[in-house]
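**Q** With the input below, show me the fold.
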Amino acid sequence: MSATCRGCLASSADVFFDLGDMPLAGGFLSSGDQCSAEQKYPLAVSVCHECGLVQITDPVDPSILFADYSFKTGTIPGLVSHFEAYAIWLVEHFAPESAVEFGCNDGTLVAALCERGVDALGVDMAENIVKLGRAEGRNIVAGAFGPGIVDQVREDFPAGLDLITGSNVFAHNADPDGILEAALRLLAPRGVICLEVMYAGDLLDSLQWDTLYHEHLTFYALSTLAPLLARHGLEPIHAELIPMHGGSLRVAAARTGARPVDTSVQELISREAAASLADPVTWLRFAEMSRRRISVFGSSMRRLSETSQIWAYGAAGKATMWVNACSMEYLVAVVDASPLRYGKLMPGTHTPIVAPEMFRAASPDYVFASAWNYLDAIR
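**A** Presented below is the predicted three-dimensional model:
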């Protein structure tokens, strides 16, 4: 039976890639007791036969996903640099005086906007990360960005917001309509909502099956995001592809007719049509190639582990996918740059997560760059 598409609302989303029961990508464990009680959840990916949106239609409760979040933006140099550049881009393109970032994590972008004279507020669901950001003096609050938070935000911005932005978080939400409804109620008449989302085109081109985990509910293309925006009276006014997270789409949108639409929008939609991004057959082929890659890599690494010591570098969500899909319980350790993860255990395989200093001291035979999107920094 087809599920309801969260983009176009048609009952036409069918599974094309089923990864079975998997642990949560960010479900790091801190004790043996937790290991024995660890939960796994179905992970099946669907594509809509009406609009072509790639999505996980059976989400895990956000209160489980974000109860003890172990990702802090400020500990990743590449992300700090990205948000510095993004703040500059936003100011240059839209000159906002006021802004809200939803899914702000520790408020790295909020701080970068404030440094450039923008009155910025951050909102995030992970209370433990919000506390860390507030301790650094950043103006952020804990909560879900949706209709329920509108009145609270409006108290700080009664004249309406010039900008609302979300980076690598909009696609994590099972209720994008709630986000857009709240944005419309808070934006000034010519206000802009700017979204950065993982891009379905890069998912396809680079065979990024390892980003298909429970936290990542939706993989947008501009051609699948535009109808969702249109249902709320919004239209894309600018679109571009950026390299973050293995390839992302940056879209700026405004109320229909409120701002001019530049040529980048139609250019990208035309490219997506040529690549058949909305064709379900395209995604069936993607699944077949992904299964082949998992099989070949898994068997090759297992043979190598019989004679060599192998570590992994990067306790990212991608790492959780690889080590579980390929049953890599033989890894000695997983290295990570975030102190929030030191001493914890990987989901599923329960491999210890250690600091870079331990990796340098051990000097293993082989390193699996599990956080491959940060390969340059790892090198």
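
**Q** What are the boundaries of the helices in the stretch 201-350 of the chain?
**A** 222-230, 264-274, 280-305, 317-325 (DSSP state H, counting those that start in this stretch).

**Q** any idea of the mean pLDDT for the last one?
**A** Going back to what we said before, that points to helix 317-325. For helix 317-325, mean pLDDT rounds to 95.

**Q** Tell me, what's the model's pLDDT at the closest residue to residue 324 other than its chain neighbours?
**A** Counting by CB to CB, 6 or more residues apart in numbering, residue 324 lies nearest to residue 348, which is 4.1 Å off, once chain neighbours are set aside. All C-beta spots, glycine's among them, are computed from the backbone N, C-alpha and C. Looking at residue 348, its pLDDT reads 95.

**Q** so what's residue 348 up against?
**A** 22-23, 38, 40, 320, 323-324 (CB atoms under 8 Å, 6 or more residues apart in numbering).

**Q** for those residues, which one is nearest residue 50?
**A** Distance ranking of the contacts of residue 348 against residue 50, using CB to CB, places residue 22 first at 27.5 Å.

**Q** May I ask you to confirm that the closest one belongs to a strand?
**A** Yes - under DSSP: H, G, I helix; E, B strand; the rest coil, residue 22 sits within a strand.

**Q** pretty sure it is touching residue 215, no?
**A** No - using CB atoms under 8 Å, residue 22 is not in contact with residue 215, being 11.4 Å away.

**Q** what does the one helix or strand in the chain whose mean pLDDT sits lowest rub up against?
**A** In the chain, no helix or strand scores lower on mean pLDDT, DSSP states H and E than helix 32-36, which sits at a mean of 75. The contact list for helix 32-36, computed with CB under 8 Å, 6+ apart, reads 29, 345, 350.

**Q** any chance of those residues in TSV, with distance to residue 268 and neighbour count too?
**A** Output for the contacts of helix 32-36, formatted as TSV (distance: CB to CB, whole Å; neighbours: other CB atoms under 10 Å):
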residue	distance to residue 268	neighbour count
29	41	19
345	42	22
350	43	16
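
**Q** what number of residues lie near residue 90?
**A** Per other CB atoms under 10 Å, the neighbour tally for residue 90 reads 25.

**Q** which one of the contacts of residue 348 sits closest to residue 107?
**A** Lowest distance from residue 107 to the contacts of residue 348 (CB to CB) belongs to residue 320, with 25.7 Å.

**Q** mind checking how far the nearest residue to residue 249 once chain neighbours are set aside is from residue 133?
**A** Leaving aside its sequence neighbours, residue 249 sits nearest to residue 199 (CB to CB, 6+ apart; 4.1 Å). Taking CB to CB, to the nearest Å as the measure, residue 199 falls 27 Å from residue 133.

**Q** and the nearest residue to residue 229 once chain neighbours are set aside, what does it touch?
**A** Leaving aside its sequence neighbours, residue 229 sits nearest to residue 253 (CB to CB, 6+ apart; 5.2 Å). Residues in contact with residue 253 (CB under 8 Å, 6+ apart) are 192-195, 229, 234-237.

**Q** Same question for residue 124.
**A** Residue 124 touches 102-105, 130, 133, 140-143, counting by CB under 8 Å, 6+ apart.

**Q** Out of those residues, list just those in helices.
**A** The helices, defined by DSSP state H, take in 130, 133 from the contacts of residue 124.

**Q** Among the contacts of residue 124, which one lies nearest to residue 179?
**A** residue 102 (6.8 Å).

**Q** Can you give me the neighbour number for that closest one?
**A** Around residue 102 there are 27 residues (other CB under 10 Å).

**Q** for the nearest residue to it once chain neighbours are set aside, helix, strand, or coil?
**A** Spatially, and ignoring its direct neighbours in sequence, residue 102 is nearest to residue 145 (3.5 Å; CB to CB, 6+ apart). At residue 145 the chain is in coil, as set by three-state DSSP.
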